[in-house]
Structures are given as C-alpha cells and as structure tokens.
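1. no sequence for this one, just the structure:
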C-alpha cells in the first residue's frame, strides 16, 4: 500500500519528502500512521529499484531540499499495480481506497472497469464480522447492540459503495476507448 501511494502521489507531481508524508497521512494516516522509520526506507528502496529519483534543489532559507521524481520505470510500475491489484488491495477497505485514489492514472476505461468489477465481485460474497460456525451472521441475528451496530454500519457503507460502483461502471462502459499510441 505504501509503495502504491508513494508512486501515485509522485505521478501527480514531484514532491519533497515532507510534502509526500503529509499527502500519505491525509490518505491513510488516520488508519495507519506512517513514521519516518517506515517512509524513508521505502523511498530508498524505490530509489534503488529505479522507480524514483531524488533531485537536490536550493532550500528557501538554508539547507538544500531533495525533491522526489517518478521515473518512467516508476510510472510503469504504478500503472501495472493499478491494472492488477493484489487480492488484498481489493478486499481490504484501506488498501482499496489507496487503489481508488490513483485509479484515474489508468487512462483506459476498460482497465478501470475491470478493477471496479473485481471489487464488485468481492462485495457480492457473503461476509460478516461475526459467524455462527461457517455461517455469516446478520445484524438482526445478534443481540449485542454494539456488534449489531458494526454490522448495520458496514451494511450501509457497502450499499453506498455498491450504488457508486454500479454508477461508475455504467459511466466507464459508455466511455470511448483511449486512442492507441
């Protein structure tokens, strides 16, 4: 998820490490705070893999600043990751939001629709936070008001997402294919 988010934000524009961290925190920080001890090693790995480069710029007041730029290989890696997200990217809500945040970078509506259809298929599978053996329990079957509340909130969220997915897929299916290079 972190690699995808870093590549996605750098696809938008080059960023200083501090700016990148702010963007990451806005997208995922409330759920999974990203420390410097996680972010900067990830940046170094992406740099070592040739997916981004660091350019030095004069600082506004004192020390020079390093700006991170996506390389063509980084752009290709991002697009491939968006075309073929891992199953956990589809099933985990926070990872799914990260995919959605950058899915616009796939310019082919058919490729975007294929990713949305994977999420739609996942949401169509019976699931719950609570089970009776292998059978998922519904909110109406649980007497604990807090557990029932979890299921009611999840149901409402899923219903809203399903409505959005159907609308988005209808729009994408009506979109013309992008011109071939």
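-> That came in fine, so what should we check first? Because the structure is predicted, anything quoted here is derived from the model rather than measured.
2. Give me the helices and strands touching the longest helix seen in the chain, please.
-> Identified as the longest helix of the chain according to DSSP state H is helix 145-173. If you count contacts as 3 or more C-beta pairs under 8 Å, 6 or more residues apart in numbering; DSSP states H and E, helix 145-173 packs onto helix 109-123. Using the backbone N, CA and C atoms, a C-beta is placed for each residue, glycine as well.
3. re earlier: just the angle for the longest helix of the chain relative to helix 109-123, thanks.
-> 160 degrees (axes from the mean of the first three to the mean of the last three C-alpha atoms, to 10 degrees).
4. ok, and for helix 145-173, which residues are buried?
-> 148, 151, 165, 168, 169, 172 (16 or more other C-beta atoms under 10 Å).
5. do the same with stretch 107-117
-> Those would be 109, 111, 112, 113, 115, 116, for stretch 107-117 by 16+ other C-beta under 10 Å.
6. quick one: that stretch to chain centroid distance?
-> 15 Å (C-alpha atoms, centre = their mean, to the nearest Å).
7. ditto for stretch 6-26
-> 13 Å.
8. what about stretch 162-177, distance to the chain center?
-> That offset, for stretch 162-177, works out to 19 Å (C-alpha atoms, centre = their mean).
9. Could you list the domains of this structure?
-> What automatic domain parsing lists as the domains of the chain is 1-83, 107-181.
10. No further questions, thank you.
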